[in-house]
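Asks: starting from these lines, generate the structure:
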Amino acid sequence: MESRRRVRSPCVSVCALDEKDICIGCHRTGDEILRWTTMTDEERKRVLEYVAERESGSLI
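Replies: A predicted model of the protein is given here:
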C-alpha cells in the first residue's frame with residue numbers, strides 16, 4: 001500500500017481578501033480556499049499554478 005502525501009495548502013495565515021476576492025496571503029480566490037479540502041490533488045496542483053501566476057502578477 002502506497003502512502004501518498006496530499007498537496008499542501010499555500011496558506012501563510014495572512015487571511016484577507018482584496019477587492020478581486022484574492023487572498024493577500026496565499027493568492028487563492030475565496031472559492032478556492034473554501035473548496036480546498038474537497039479538491040483532488042490534481043485540482044490542488046492546478047490551483048497552485050494559478051497562485052504562481054497571481055503572485056508573479058502582483059509583483060509588477
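Asks: tally of neighbours for L17?
Replies: Using other CB atoms under 10 Å, L17 is surrounded by 14 other residues. Heads up, the C-betas are built off the backbone N, CA and C, glycines and all.
Asks: just checking, it touches G25?
Replies: No: at 9.7 Å, L17 does not count as touching G25 under the criterion of CB atoms under 8 Å.
Asks: just the CA coordinates for stretch 45-57, please, in PDB.
Replies: The C-alpha trace of stretch 45-57 is given here as PDB (Å, rounded to 0.1, in the frame of the first residue of the first chain):
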ATOM      1  CA  LYS A  45      -1.900  21.400  -8.300                       C
ATOM      2  CA  ARG A  46      -3.900  23.400 -10.900                       C
ATOM      3  CA  VAL A  47      -4.800  26.000  -8.200                       C
ATOM      4  CA  LEU A  48      -1.100  26.200  -7.200                       C
ATOM      5  CA  GLU A  49      -0.300  27.000 -10.900                       C
ATOM      6  CA  TYR A  50      -2.900  29.800 -10.800                       C
ATOM      7  CA  VAL A  51      -1.400  31.000  -7.400                       C
ATOM      8  CA  ALA A  52       2.000  31.200  -9.000                       C
ATOM      9  CA  GLU A  53       0.600  33.300 -11.900                       C
ATOM     10  CA  ARG A  54      -1.200  35.600  -9.500                       C
ATOM     11  CA  GLU A  55       1.900  36.000  -7.300                       C
ATOM     12  CA  SER A  56       4.100  37.000 -10.300                       C
ATOM     13  CA  GLY A  57       1.400  39.400 -11.500                       C
END
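Asks: contact partners of that stretch?
Replies: 7, 10, 22, 26-28, 32, 36, 39 (CB atoms under 8 Å, 6 or more residues apart in numbering).
Asks: residues of it that come out buried?
Replies: Across stretch 45-57, burial judged by 16 or more other CB atoms under 10 Å covers 47-48, 51, 54.
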